[in-house]
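Visitor: The following comprises the amino acid sequence and a computationally predicted model.
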Amino acid sequence: AHLMVNYDLPWNPNRLEQRFGRIHRIGQTEVCRLWNLVAAETREGDVFQRLLLKLETERQALGGRVFDILGDVFDERSLRDLLIEAIRYGDDPEVRARLLQRVEGALDTEHLRAIMQQNALCEVVMDAERLFAIKAEMEKAEARKLQPYFIRAFFTRAFEVFGGELRPREPGRWEITHVPAAIRERDRRISGRDRRYMQPVLGRYERVCFEKEYVRLLDRVGAPMAALIHPGHPLMQAATDLVLEAHRPKLRQGAVLVDPNDPGTTPRVLFIIDHSVRDGNDENRTVSRRMQFVAIDAEGRAENAGWAPHLDLQPIGEEERGLVADVLASPWISNDLERMALGYATERLVPAHFEEVKDRRERMADRTLAAVQARLVKEINFWSDRFLRLQDDQRAGKEVRMNLENARRTVDELTTRLERRRRELAAMRHVISATPVIAGGALVIPAGLLAARRGEEPGVDAAARKHVEMVAMRAVMAAERALGREVIDVSAEKCGWDVTVLLPETDGTTPMTRHIEVKGRAKGQTTVTVSRNEILYGLNQADKFVLAIVLVDGEECEGPFYIREPFDREPGWAVTSENLDLAALLARAERPR
């Protein structure tokens, strides 16, 4: 059910809120609609009409959700009291005006916003610097989110490997006519904590999609609903489990990969570090798990390799393997690099992950405890007061034994529940950091080293390339500063772009940001190379992402030229980078503004 008609409105706002909550709740897939029938030209109807009209106005101003707090808005006098007063004295114009004014005041925008903030478990008071830091982290997470591009690329390839086929149907939707037996059998074997959803893998799916907006086609009546494939979907989980079973040993065995975007000549070993933060009261329960990457060169220098550097690498060919045979046999590769990688991760990466999770859990536990105590203590006080009044009635000779026992039992149950929730939330604050482990590794050969071994003359050597990129970065940052904007160089963070630009604040809100990927090109070059990760990060950010091109000739430069939303499709699963035509990019470019 998703439609409701109130033909007899309750005088208690909590009851009105509870009624709507019967249909507007977790798991509801339809848009919920509510109609309230009010008797016209009655004193009660006048108050309700003003209440409901004001509710609609504030719903639009606050982005909905006013029904969630309807029971808390009348803090001085209850709605019931106002309605009774309207019925008794509604003919008096002064009384009528005063009652309507109280309804207006109870539903004032600032009053409602204050109640929403008070009830919000995630509301935290923070200064502008802290707010911007959180916003920056959220934007980095948005850029590297798995859904939909990374998930679609992985699932499509894995499903094909196990004999399945995704048949394109409407834009953004596919049909699966047959799910391979291996995937269905693996789904039956996944149980307990490892299983996230109880529904089994089906034999076929009329429609599947990877983006929420394609689950339903609003413009096509009768179009089948699509199953959204995400990391927790049984079909995805079974396919992932099969892939891990088949290839996890190869991660530990290692691989030799080529970095086509690295013009340098220094090879490095890339390690995948698996780190978990676990519940302190149940070490089998993982609170957060993160894959971290550490790169180590021949000199033993370790560094954070970013979020998913392996996606920009490609397998080495037999001819290329012969060119670097001496590197493969180098003694530094067999040194105790795993210990060095774990040491770097333990010192630099693991503490940051642990503190992030610990801080988030503590804040959530504190906010939840405050909300639980406020609600349960209020209930306990109500029933305790009722219990005392019933005792007075009993002493006065009234028959209240049954009601008295119910009140006493309710107080005991609520008190027990409060103590249990306090213990649970105190335990929620306690988390422990598991020991990081090496999940896999690879020797990474830069494309520049292969070119040097072939005797090829690189178009731009490493030093010249670095100079070009430095000039390009200076040009972009200078152009943005000239427009009065604050700029932050984030190129060393490897977050998917090079420069974060803070646009001017409006209405005192946190400033909007723009993310610029800078590509410097030396005079005479005709293409711009972008990695797979850069493309997917750009697609995830949509209109926030800008590709900036700067043409460099020595110390002189032309540009920057901005291309907004430069990517119109995701790369194929086997594509590690793409070359874009420089002239075509410049044809649709614009100057900074």
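Guide: Received the coordinates, thanks.
Visitor: CA only for contacts and neighbour counts going forward, please
Guide: OK.
Visitor: residues in contact with the closest residue to A427 other than its chain neighbours?
Guide: In space, and not counting its chain neighbours, A427 is closest to N281: 6.7 Å by Cα to Cα, 6 or more residues apart in numbering. Residues near N281 by Cα atoms under 8 Å, 6 or more residues apart in numbering: 427, 430-431.
Visitor: Repeat that for F561.
Guide: Counting by Cα under 8 Å, 6+ apart, F561 has contacts 548-550, 586, 589-592.
Visitor: Relative to L414, which of the contacts of N281 is nearest.
Guide: Nearest to L414, judged by Cα to Cα, of those is A427 at 19.9 Å.
Visitor: Settle this for me: that closest one is touching G280, isn't it.
Guide: Yes. At 7.5 Å, A427 counts as touching G280 under the criterion of Cα atoms under 8 Å.
Visitor: pLDDT at H310, what is it?
Guide: H310 is assigned a predicted lDDT (pLDDT) of 85.
Visitor: ok so it is a helix residue?
Guide: Yes. Remark: H310 belongs to a helix, assigned using DSSP: H, G, I helix; E, B strand; the rest coil.
Visitor: Out of the contacts of F561, which end up buried?
Guide: For these, a burial check counting by 16 or more other Cα atoms under 10 Å picks out 548-550, 589.
Visitor: Among those, which pair sits farthest apart?
Guide: Every pair of the buried ones among the contacts of F561 checked by Cα to Cα; the farthest is V550 and A589, at 11.3 Å.
Visitor: end to end, how far does stretch 260-280 reach?
Guide: Stretch 260-280 has an end-to-end distance of 44 Å (Cα to Cα, to the nearest Å).
Visitor: Outline the domain layout of this protein.
Guide: 3-119, 149-242, 271-457, 459-587 (automatic domain parsing).
Visitor: right, and the ones you listed - which one's nearest Q253?
Guide: Taking those one by one with Cα to Cα, domain 271-457 is closest: 7.3 Å.
Visitor: Let's see the pLDDT reported for E76.
Guide: The model's pLDDT for E76 equals 50.
Visitor: same check, this time on L16
Guide: Note on L16: pLDDT of 68.
Visitor: Could you do W383 as well?
Guide: pLDDT, W383: 88.
Visitor: Quick one: the helices in the stretch 251-400 of the chain, in order.
Guide: In the stretch 251-400 of the chain, the helices defined using DSSP state H, counting those that start in this stretch lie at 318-323, 325-328, 331-334, 337-344, 350-395.
Visitor: Name the stretch among those helices that sits most buried.
Guide: Stretch with highest mean neighbour count among the helices of the stretch 251-400 of the chain: helix 337-344 (a mean of 19; mean count of other Cα atoms under 10 Å).
Visitor: So what touches that one?
Guide: Residues outside helix 337-344 that contact it (Cα under 8 Å, 6+ apart): 271, 273, 294-296, 300, 302-303, 436-438.
Visitor: Return the subset of the residues you listed lying in strands.
Guide: 271, 273, 294-296, 302-303, 437-438 (DSSP state E).
Visitor: could I get those residues as CSV with distance to D412, neighbour count and pLDDT?
Guide: Compiled in CSV, the ones in strands among the contacts of helix 337-344 are given as follows (distance: Cα to Cα, whole Å; neighbours: other Cα atoms under 10 Å; pLDDT from 0 to 100):
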residue, distance to D412, neighbour count, pLDDT
F271, 56, 27, 95
I273, 49, 23, 94
V294, 55, 25, 95
A295, 59, 25, 95
I296, 61, 23, 94
A302, 59, 20, 93
E303, 57, 16, 91
V437, 48, 16, 94
I438, 51, 19, 93
